[in-house]
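Student: show me how the following folds:
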Amino acid sequence: MSPFFVMSLLFGLTFDQTASLCAPSEYIIHVEKRECAYCLAINTTICAGFCMTRDSNGKKLLLKSALSQNVCTYKEMLYQTALIPGCPHHTIPYYSYPVAVSCKCGKCNTDYSDCVHEKVRTNYCTKPRKLCNM
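Tutor: Modelled structure (predicted):
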């Protein structure tokens, strides 16, 4: 291992800025409404990746502020709206979704993020699929 690499690693660990791999990532959302004929596959970006956290093995010995568990979350986002095809006239055919512009490592904000990882697969279509490239 080179001395430069070791010094860079130590410097990063000291200032808690080691290679965070939290960044906007391409993602496909599947959206459908019961009244509409199609499922819409929307290409968007979400925040995904690795953030440095602190080990909570010593949680009885440490203050709560020292037990931060950072997640990859939105720094900047915007909303776009897509039209779901095949909807009858009495149905609102629009769907608004978030687009990650930039991401950060920080606390999970439940106002706009799902902070629990579920093992149930819910991002799928039961109807014929239409692709939406925004």
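
Student: which SS state does the residue lying closest to Cys103 once chain neighbours are set aside fall under?
Tutor: Nearest non-adjacent residue to Cys103, counting by C-beta to C-beta, 6 or more residues apart in numbering: Cys47, 3.8 Å away. Just so you know, the C-beta spots here come from the backbone N, C-alpha and C atoms, and that holds for glycine as well. Put simply, Cys47 is strand when judged by DSSP: H, G, I helix; E, B strand; the rest coil.

Student: how about Cys108?
Tutor: Here Cys108 is recorded as coil under three-state DSSP.

Student: make 45 the starting number, not 1.
Tutor: Sure, I'll start counting at 45 from here, so that last one is Cys152.

Student: distance check, the residue nearest to Cys147 against Leu84.
Tutor: Distance from Cys91 to Leu84, counting by C-beta to C-beta, to the nearest Å: 22 Å.

Student: what of Arg78?
Tutor: From Arg78 across to Leu84, the span is 14 Å (C-beta to C-beta).
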